[in-house]
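Student: just coords:
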């Protein structure tokens, strides 16, 4: 029987759009309204790639047996590593951290702009704001190191550029958009200022904008300096500048320096007008994962719970065979790290997973879990730091939720 | 660079004799061709006189995109659409028909001009577009805000 479910929260990306309607037939979603193509592909493609039964060394087994086996493997490992959380609920992240703490394990997660921005924002005292505030008031929007037309497809239409706000009453006509990136991206199509900068020059560009605001000539390539001068002439008239910083800034060796310079620029702009900086979280709960780690450890992941200090990232640990077992928490670790490092982890991995993946295919234990935001509820954190409650709307009694699996695992170890 | 078909482009390919066999001047006929209110065959000299055969071929090529466009002379390519919803929220007519889209939400009203369905744009009421005849307002907001180039105003 077909059933309409209205105002579902789409957990396809960290925007967590809450105006999505879906038509459900049995356990399948057959139609969606209001999702972008990414969200639609996730929702309607859910049943195509599911793991229906727990696997231990390739054999289909009961989930209780799989959890017992996994607990034994974790207990017998000398240097285990717990990985992931970016696609899990906040409660599951907390549980993963507790498991890592109890085992004295390493903990790591995929690289994220949130991991860099959250601690630096706290250190420098640069505020973020809610996306609804941006919608209502922002009259100058800067996308830095992110192409929302490729990653967060509804960002411009749902919050930042197109909608009419209480102050920005004319929508896109009340706002000026700047897109700063190392390539000409699709996002630049809606930007009045599309600035293509050199790779790894984010810090220089941020400092150049600050110089231009102060009336000093920047030391940059002439064409970029000219574009920035136009940008600055507009930004000086702005009353609310919203900066959205993506992981593009991190894609070189000077990522942290770039983010720091951008935050310094935001500080300077903040003295003239309202200014907020937002990370563009890469996965559905990258923000919640990074924030949980920061709150718990006052350090960004990776972390070594045994030595109680920051650790090397997983690919470095794997390369020198410093870890002997990895539990991937709904994260396709083997597909994310360099091939040489992933080869070293084959046969040493277990996972909880919503879908079939490279990691699951090479796992000694693979435990299927309910799909977050569809079959399982929980709280995740939007890209602006707002907690959003996900409500399940498809019943699946075949598998456990990730929180249940991790809770049982925690009790067993 | 604009890919729109302009009246002047069409005019340059017409005989330019103002013979009025089409009941108007060549410039008037060019306007009618772009608006799809006349056909090339309505210009007898162009189709019958061999000296215009090159121009005729070029004109057919130039006007080909118009034939596949809707009455509004807007082409929507669903293959290219990424479902970002920029067009829905930016469209001035759509926010009148469904005010919730003014705040960035997807159109849910059955009266809306368009909505996003299965991750793609879907036109619900083309006749409500500002470009629909006879008003034919020269609005191209949807094309301007489209990330992927899925929406093209052809003339």
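Tutor: On my side now, so go ahead. From a predicted model like this one, the values you see are computed outputs, not experimental measurements.
Student: how far is stretch A:293-309 from where the chain is centred?
Tutor: Offset of stretch A:293-309 from its chain centre (CA atoms, centre = their mean, to the nearest Å): 19 Å.
Student: got the end-to-end distance for it?
Tutor: 13 Å (CA to CA, to the nearest Å).
Student: pretty sure residue A:109 contacts residue A:85?
Tutor: Yes: if you go by CB atoms under 8 Å, residue A:109 and residue A:85 touch, sitting 5.4 Å apart. (Glycine included, C-beta is placed from N, CA and C.)
Student: between these two, what contacts are shared?
Tutor: A:289, A:331 (CB atoms under 8 Å, 6 or more residues apart in numbering or on different chains).
Student: quick check, distance from the lengthiest helix in chain B to the centre of its chain.
Tutor: Among the segments of chain B that qualify as a helix by DSSP state H, the longest is helix B:53-68. Offset of helix B:53-68 from its chain centre (CA atoms, centre = their mean): 15 Å.
Student: list the contacts of the nearest residue to residue A:323 once chain neighbours are set aside.
Tutor: Leaving aside its sequence neighbours, residue A:323 sits nearest to residue A:81 (CB to CB, 6 or more residues apart in numbering or on different chains; 4.5 Å). By CB under 8 Å, 6+ apart, residue A:81 lies in contact with A:100, A:105, A:106, A:107, A:108, A:314, A:317, A:323, A:325, A:326, A:327.
Student: now residue A:96: how far from chain B?
Tutor: The gap separating residue A:96 from chain B is 31 Å, by CB to the nearest CB, to the nearest Å.
Student: circling back: pairing partners for the residue nearest to residue A:323 in the sheet, please.
Tutor: Going by DSSP bridges, residue A:81 is paired in beta bridges with residue A:106, residue A:326.
Student: now do residue A:407, the pLDDT please.
Tutor: pLDDT for residue A:407: 97.
Student: look up phi and psi at it.
Tutor: Backbone torsions of residue A:407, given as degrees, to the nearest 10, read phi -60, psi -50.
Student: which residues touch the closest residue to it other than its chain neighbours?
Tutor: Leaving aside its chain neighbours, residue A:407 sits nearest to residue A:95 (6.2 Å; criterion: CB to CB, 6+ apart). Contacts of residue A:95 were listed using CB under 8 Å, 6+ apart, and they are A:403, A:406, A:407, A:409, A:410.
Student: so which helix or strand takes in the residue in chain A positioned nearest to chain B?
Tutor: Proximity of chain A to chain B (CB to the nearest CB) peaks at residue A:40, 2.9 Å away. For residue A:40, the host element (DSSP states H and E) is helix A:37-44.
Student: packing partners for that helix?
Tutor: On a contact count with 3 or more CB pairs under 8 Å, 6 or more residues apart in numbering or on different chains; DSSP states H and E, helix A:37-44 meets strand A:28-33.
Student: now name the helix or strand holding residue 10.
Tutor: No chain specified, so I'll use chain A. Under the criterion DSSP H and E, no helix or strand holds residue A:10.
Student: wrong one, I was asking about chain B
Tutor: Per DSSP H and E: residue B:10 is located in helix B:7-12.
Student: name the spans of the chain whose pLDDT lies under the cut-off.
Tutor: Defaulting to chain A. The model of chain A has no residue with pLDDT under 70.
Student: look at chain B instead
Tutor: B:1-2.
Student: what distance do you get for whichever residue of it sits closest to chain A to residue A:149?
Tutor: Nearest residue of chain B to chain A, counting by CB to the nearest CB: residue B:119, 2.9 Å away. Note on residue B:119: its distance to residue A:149, by CB to CB, to the nearest Å, is 14 Å.
Student: check residue B:132 too.
Tutor: Relative to residue A:149, and taking CB to CB, residue B:132 is found at 28 Å.
Student: quick one, which of these two is more surrounded?
Tutor: Using other CB atoms under 10 Å in any protein chain shown, the more surrounded residue of residue B:132 and residue A:149 is residue A:149, with 23 against 19.
Student: just checking, the more buried one touches residue B:84?
Tutor: Yes: with contact defined as CB under 8 Å, residue A:149 counts as touching residue B:84 (6.7 Å).
Student: overlap in contacts, the two.
Tutor: Jointly contacting residue A:149 and residue B:84 under the rule CB under 8 Å, 6+ apart are A:156, B:147, B:148.
Student: who touches the first one in this structure?
Tutor: Translated: residue A:156. A:148, A:149, A:162, A:177, A:187, A:190, B:84, B:86, B:147.
Student: helices along chain B, start to end?
Tutor: Using DSSP H, helices in chain B cover B:7-12, B:26-34, B:44-48, B:53-68, B:86-90, B:92-97, B:141-145.
Student: need the winner for burial among these.
Tutor: Greatest average neighbour count among the helices of chain B goes to helix B:86-90 (a mean of 27), per mean count of other CB atoms under 10 Å in any protein chain shown.
Student: near chain A at all, that helix?
Tutor: Yes: taking CB under 8 Å from any CB of the partner chain as the criterion, helix B:86-90 and chain A are in contact, through B:86, B:88, B:89, B:90.
Student: so who does residue A:29 touch?
Tutor: Contacts for residue A:29 (CB under 8 Å, 6+ apart) come out as A:22, A:23, A:43, A:44, A:46, A:374, A:394.
Student: how about the nearest residue to it, chain neighbours excluded?
Tutor: Excluding its sequence neighbours, the residue lying closest to residue A:29 (CB to CB, 6+ apart) is residue A:43, at 4.6 Å.
Student: how about the residues of chain B that lie near chain A?
Tutor: Counting by CB under 8 Å from any CB, chain B sits next to chain A at B:81-86, B:88-90, B:95, B:102-106, B:108, B:115-120, B:144-149.
Student: restricted to strands, list those.
Tutor: Taking DSSP state E as the definition of strands, the residues of chain B next to chain A contribute B:115, B:116, B:117, B:120.
Student: which one of the residues you listed sits closest to residue A:127?
Tutor: residue B:116 (32.4 Å; CB to CB).
Student: hmm, residue B:88 and the closest one touching each other?
Tutor: Yes: between residue B:116 and residue B:88 there is a contact at 6.5 Å, judged by CB under 8 Å.
Student: okay, and the common contacts of the two?
Tutor: Shared contacts of residue B:116 and residue B:88 (CB under 8 Å, 6+ apart): B:106, B:107.
Student: which residues of the stretch 101-250 of chain A lie near chain B?
Tutor: When proximity is defined by CB under 8 Å from any CB, the stretch 101-250 of chain A lies next to chain B at A:135, A:149, A:153-154, A:156-159, A:161-164, A:171-172, A:186-187, A:189-190.
Student: still on that earlier bit, so what's the residue of chain B closest to chain A closest to, chain neighbours aside?
Tutor: residue A:40 (2.9 Å).
Student: need the contact list for that neighbour.
Tutor: A:32, B:83, B:118, B:119, B:120.
Student: my guess is the third one contacts residue A:30. True?
Tutor: In other words, residue B:118. No: between residue B:118 and residue A:30 there is no contact under CB under 8 Å: 9.4 Å.
Student: who's more crowded, those two?
Tutor: Taking neighbours as other CB under 10 Å, residue B:118 and residue A:30 compare with residue B:118 leading, 17 against 13.
Student: what distance do you get for the more buried one to residue A:40?
Tutor: 5 Å.
Student: repeat for residue A:220
Tutor: Between residue A:220 and residue A:40 the distance is 41 Å, computed by CB to CB.
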